[in-house]
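J.: this is a predicted model, with the sequence first.
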Amino acid sequence: MNKLNTKNIKNVDAFLGPVCDYAIAPVSRYAGVWGIPVLTTGGQADAFLHKGEHYPTLTRMMGSHRLVGEALRHILHSFGWTSAALIYHNHAMESSKGHSECHFTLSAVFSALNKTSVHKSFNQETNNFNDYRNLLTFVSHSARNFLLDAFIIFNFAGYDLDVKFLYEV
């Protein structure tokens, strides 16, 4: 974007990509003002649903996280499960990395479940075994069904935690 100046913008027919949500947002906002289409296979975060307001020329060529949330809501309903705990990796708040892909995906699941699920994030870069044990103990008091980040399962492989993993993402 910084190489593009307003003199050359009239020669641009469309932007292909970017894929990263953090890059799509500013590119799509500018492109919307300029009336230039943005085509991407990224942009799965719920924020990109606001096409008319912020991203009028954005076309996502892939399903959104919202569809994952809807699918999981239907799965839980079909089994008669009324509550679920969402456990996912996210970067530390003080990190410059922004939110993780797990955060974006499970925030859509949280919304699809009417924002009623217990949810807790962890930082896989800094957490240790006891942190994970405490996390699982916390959510086990709130729900029988867990939607887990796969990283947690691999960390506990071989340990007897007396916690049942009913569903994993």
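T.: Yep, it's here. Residues are numbered from 1 along each chain as shown.

J.: so where do the helices sit in this protein?
T.: Secondary structure of the chain (DSSP state H): helices located at 21-34, 65-78, 101-112, 129-140, 150-156.

J.: what packs against the fourth one?
T.: For helix 129-140, the elements it packs on are strand 85-89, strand 118-122, helix 150-156, judged by 3 or more CB pairs under 8 Å, 6 or more residues apart in numbering; DSSP states H and E. (C-beta placed from N, C-alpha, C; glycine too.)

J.: quick revisit: pick the most deeply packed of the helices of the chain.
T.: helix 101-112 (a mean of 21; mean count of other CB atoms under 10 Å).

J.: between that helix and helix 65-78, how big is the angle?
T.: 60 degrees (axes from the mean of the first three to the mean of the last three CA atoms, to 10 degrees).

J.: hang on, the earlier thing: going by mean pLDDT, which of the helices and strands packed on helix 129-140 comes out lowest?
T.: Ranked by mean pLDDT, the helices and strands packed on helix 129-140 bottom out at helix 150-156, with a mean of 48.

J.: where does the chain have low pLDDT?
T.: Scanning the chain with the threshold set as pLDDT under 70 gives 1-8, 11, 144-169.

J.: try it again with 50
T.: For the chain, the stretches with pLDDT under 50 are 149-155, 157-161, 163-169.

J.: got the CA coordinates for stretch 28-40 in PDB?
T.: In PDB, the C-alpha atoms belonging to stretch 28-40 read as follows (Å, rounded to 0.1, in the frame of the first residue of the first chain):
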ATOM      1  CA  SER A  28     -10.100  -3.000   1.800                       C
ATOM      2  CA  ARG A  29     -11.000   0.300   3.400                       C
ATOM      3  CA  TYR A  30      -8.900   2.300   1.000                       C
ATOM      4  CA  ALA A  31     -10.100   0.200  -2.000                       C
ATOM      5  CA  GLY A  32     -13.700   0.900  -0.900                       C
ATOM      6  CA  VAL A  33     -13.100   4.600  -1.000                       C
ATOM      7  CA  TRP A  34     -11.500   4.300  -4.400                       C
ATOM      8  CA  GLY A  35     -14.100   1.900  -5.800                       C
ATOM      9  CA  ILE A  36     -11.600  -0.900  -6.500                       C
ATOM     10  CA  PRO A  37     -12.600  -4.500  -5.900                       C
ATOM     11  CA  VAL A  38     -10.500  -6.600  -3.500                       C
ATOM     12  CA  LEU A  39     -10.600 -10.400  -4.000                       C
ATOM     13  CA  THR A  40      -9.200 -12.600  -1.300                       C
END
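
J.: no further questions, thank you.
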